[in-house]
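> Here's my sequence, what's the structure:
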Amino acid sequence: MEKANRISVSLIRIDKMITELLDASRLNAGEALPDGFQECDLVTLVGEVAHELNMNYDNRLVVETHGDCKGSWNEDGLRRLTENLLTNAIKYGKEKTPVTISLEEEDDMVVLSVHNEGDPIPQEEQSGLFDNFKRAKSAENQIGWGLGLSVVKAVADSHKGSFTIESEKGTGTFFRVKIPKNPFSKPGINNGFKGFKNNEINLN
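Next up is the predicted model:
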């Protein structure tokens, strides 16, 4: 069983790396990530992703929800965002410690937060984490392309949302995505996301 779990985790990592490379290629070419906005229950979506990952990561993920977290969103994009944030937190957080993902309703917004324990990310390195092939110096020996957070930022932007990092010694690291429940409620607003050109994925 242990050998099967290791194989499963390895396959997940390979699949994620391939998906991230394809996403980065599309973003750099100015193409869109998959769009299509419809009614979506983020509590259900996050629960599904956490359940799938817990089967391979010793039930380290803890889900907390507060309020009504339904909206008109791109389900595939938010699923990819959630997977990237959680696998990132597991990979770079302190081993064998819980990773908490919380959802909270704030008026007409929903806040998705992921917290992991471990060494803080230096302030001067935080904004660069949103660039393709960038990662914190302390994580340079980890397997991966350094693309996950740039995709998260792109998905947040496509929902007219924000993506922030808070990381301090003693409190761990928080990644927060805040998105409106109905980002394209006004007539005439285009919900197509055209991506970024020339590797320009930066934290505003």
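> which residues in the protein form strands?
If DSSP state E is used as the criterion, the strands of the chain fall at 38-41, 61-66, 70-73, 99-106, 109-116, 162-168, 172-180.
> With distance to A50 and mean pLDDT added, can I get these in CSV?
Yep, even glycine has a C-beta here, placed from its N, CA and C like the rest. Below are the strands of the chain laid out as CSV (distance: least, Cβ to Cβ, whole Å; pLDDT from 0 to 100):
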stretch, distance to A50, mean pLDDT
strand 38-41, 14, 95
strand 61-66, 4, 97
strand 70-73, 18, 96
strand 99-106, 6, 97
strand 109-116, 10, 97
strand 162-168, 19, 92
strand 172-180, 15, 96
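> nearest to M55, of these?
Closest of the strands of the chain to M55 is strand 61-66, at 10.2 Å (criterion: Cβ to Cβ).
> Give me the below-cutoff pLDDT ranges for this protein.
Applying pLDDT under 70 to the chain picks out residues 1-35, 128, 131-148, 186-204.
> which residues of it fall in helices?
Shown for the chain, the helices assigned by DSSP state H span residues 2-28, 42-54, 75-92, 123-126, 148-158.
> one step back: can you put the strands of the chain in TSV and add mean neighbour count?
Shown next, in TSV, are the strands of the chain (neighbours: other Cβ atoms under 10 Å):
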stretch	mean neighbour count
strand 38-41	13
strand 61-66	15
strand 70-73	20
strand 99-106	18
strand 109-116	21
strand 162-168	16
strand 172-180	20
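> Kindly reformat those as a markdown table containing distance to S150.
Listed next are these as a markdown table, based on distance: least, Cβ to Cβ, whole Å:
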| stretch | distance to S150 |
| --- | --- |
| strand 38-41 | 23 |
| strand 61-66 | 23 |
| strand 70-73 | 19 |
| strand 99-106 | 20 |
| strand 109-116 | 16 |
| strand 162-168 | 10 |
| strand 172-180 | 13 |
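> Which one of those strands lies nearest to E52?
Of all the strands of the chain, the one in closest proximity to E52, counting by Cβ to Cβ, is strand 61-66 (9.7 Å).
> Residues contacting the closest one, please?
43, 46-47, 50, 53-54, 86, 90, 98-105 (Cβ atoms under 8 Å, 6 or more residues apart in numbering).
> can you do 7 Å?
Contact partners of strand 61-66, identified using Cβ atoms under 7 Å, 6 or more residues apart in numbering, comprise 43, 46-47, 50, 53-54, 86, 98-105.
> now, among the residues you listed, which is nearest to V151?
Among the contacts of strand 61-66, and counting by Cβ to Cβ, the member closest to V151 is L86, at 13.2 Å.
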